[in-house]
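Could you look at this predicted model? Sequence included:
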Amino acid sequence: MALFGGKDKEIEVELFTSEPNERVFEFKKSKTIVRIDDYFIRIARKSNMSNMLLHGLDGEKSILLSEITAYQLKEPSSTVGYLQLVYPGSSDTKGGVFDAVKDENTVTFSKDEKIAILELKNAIENALKNKVKK
């Protein structure tokens, strides 16, 4: 506390800093931002009512790329599509799109976001291929 009722200076710290070789994907429909670099994939959801109901106030989820063992990709049709990441300790949903949208390791996307999800899928596959080579 500052002397004589003055305000304390707030220290500003940036929690979500960009990393070298980072690629950023924004999925506007689900209000989700995915960042991928050489080591991590990070999923952050913007605060809105549907994201709060489905995921709570998650913040940013970071998953080590070397831990990812599989992914599931569902193309959008009458419902949204999704890309779900699987790694040890994660729960692989069996209930289709309705369970997948609630999963914190899933990114949903619309038909007009297919190019971005394809780029993200390719980045994940490249990371998995590099893991196998080592």
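Looks like it came in fine. Quick caveat: nothing in here was measured; it's all calculated off a predicted structure.

List the buried residues in the strand or helix carrying residue 125.
Taking DSSP states H and E as the criterion, the element that holds residue 125 is helix 114-133. Going by neighbour count (16 or more other CB atoms under 10 Å), the buried part of helix 114-133 is 116, 117, 120, 123, 124, 127, 128. Placement of C-beta: from N, CA and C, glycine included.

where do the strands sit along the chain?
Remark: strands assigned in the chain by DSSP state E are 23-27, 32-36, 40-45, 60-64, 70-74, 81-86, 106-109.

Could I get those in CSV, plus columns for distance to residue 97, mean neighbour count and mean pLDDT?
Converted to CSV, these look like this (distance: least, CB to CB, whole Å; neighbours: other CB atoms under 10 Å; pLDDT from 0 to 100):
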stretch, distance to residue 97, mean neighbour count, mean pLDDT
strand 23-27, 15, 16, 92
strand 32-36, 15, 20, 92
strand 40-45, 17, 20, 91
strand 60-64, 20, 13, 91
strand 70-74, 6, 15, 92
strand 81-86, 6, 20, 93
strand 106-109, 8, 25, 92
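
need those in TSV with distance to residue 99, can you?
Below are the strands of the chain laid out as TSV (distance: least, CB to CB, whole Å):
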stretch	distance to residue 99
strand 23-27	19
strand 32-36	17
strand 40-45	17
strand 60-64	17
strand 70-74	11
strand 81-86	10
strand 106-109	9
